[in-house]
Structure formats: structure tokens, C-alpha cells
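> have a look at this prediction, sequence included:
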Amino acid sequence: MTDVFINLPTRDLERCKAFYAALGWEINPLFTDENAACVVVDKNIYFMFLTNDFFATFTDKKIIDPTTAAQASCGFSRESRDEVDAMMEKGLAAGGSEPRPSQDYGFMYSRDLEDPDGNILGFLYMDPVAAEKGPEAYLAEQGAQA
């Protein structure tokens, strides 16, 4: 089993913890202190939010400002379009923003949420048939049924 730890900088650790808790994700207190917060996304997926100063100790590269530059976008599948919208509503209510309109391709529906630091979270629903067979086969079947 592989655990995934995604390290991201934050300008305000307390605001960051409140935002991710509002999404329904747990803050693991065993790996949270004044420099970092461990957000449990799922059984094997964790965000490690590090203060900018602490994050800088892990690299010699320049730390970008995610409000003006994008380096990564983390995508999370949901079980339905309604669940995508529900996550977005939680995030928007907690101080996040939606940087662009939703994307609806028929077989896939997605929305992007920026956290208060500007980190991009994508939430998406993909039709199970499209996920299994691929979008082209799904769209061909839909055309045949029309």
C-alpha cells in the first residue's frame, strides 16, 4: 500500500486548517504543530500544509505564490455531480473561490476550487461507463442510443 503526501505552502496555517476541516477532512493532531498541519483526505492520501518559512527548509527553489502562479492541481473524484457541487459549496462557504466555470463534457463534470492560499483542488464526477471504457466508447454508445 502506498500513502500519498502532498506538501503545499500556506500563508496562514490556522485559516488553512479551518478551510479543510470545513470540507469535512480531518486534521491529524499527531502531525500538526505551529509549522505544519496534516490534513487527512482519505485513508492513504494526506495534504501536509507547511508555513512558507518551514516549506522553504525543504527546497532550494523559490516558493511560488499560488494566487498568481499555478504549479499543481489536485483532482478528487466524487460519486455524483451533486457530490461535486456539495464539495464546492462547502469550499466556497469556507472562503474558497471558483476560478473558472464548471466543465461539463457529458461523460465528465468537473469544478475547480481554490483554497484561500490559491492552491487548486479539482472535484470531478465521471460516468462509470466512461471511466471503464474511455470517453470515446461512451460517447459512441450515447450517440447510438439517441
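Nice, thanks for sending it over. Because the structure is predicted, anything quoted here is derived from the model rather than measured.
> residues in contact with Glu26?
Taking C-beta atoms under 8 Å, 6 or more residues apart in numbering, we find Glu26 in contact with 39-40. For the C-beta atoms, the positions are set from N, CA and C on the backbone; glycine is no exception.
> ok, it to Met48 distance?
Remark: distance between Glu26 and Met48 (C-beta to C-beta, to the nearest Å) = 14 Å.
> also Thr10?
10 Å.
> which helix or which strand is home to Cys74?
Per DSSP states H and E, Cys74 falls inside strand 73-77.
> what comes up buried for the next helix or strand after that strand?
Counting by DSSP H and E, the element after strand 73-77 in chain order, helix or strand, is helix 81-93. Using 16 or more other C-beta atoms under 10 Å as the burial criterion, the residues of helix 81-93 that qualify are 81, 84-85, 87-88, 91.
> just checking: what are the partner strands of whichever helix or strand comes after helix 81-93?
Using DSSP H and E, the helix or strand that directly follows helix 81-93 along the chain is strand 103-104. Strand 103-104 has the following sheet partners, assigned by DSSP bridges: strand 108-114 (antiparallel).
> now the partner strand: how far from the chain's centre is it?
A distance of 9 Å separates the centroid of the chain from that of strand 108-114, by C-alpha atoms, centre = their mean, to the nearest Å.
> secondary structure element holding the residue nearest the centre of the chain?
When C-alpha atoms, centre = their mean is applied to the chain, the residue found nearest the centroid is Leu121 (2.7 Å). Applying DSSP H and E as the criterion places Leu121 in strand 120-126.
> what comes up buried for that strand?
Buried positions in strand 120-126, judged by neighbour count with 16+ other C-beta under 10 Å: 120-121, 123-126.
> now for that strand, which elements pack on it?
Applying 3 or more C-beta pairs under 8 Å, 6 or more residues apart in numbering; DSSP states H and E, one finds that strand 120-126 makes contact with strand 73-77, helix 81-93, strand 108-114.
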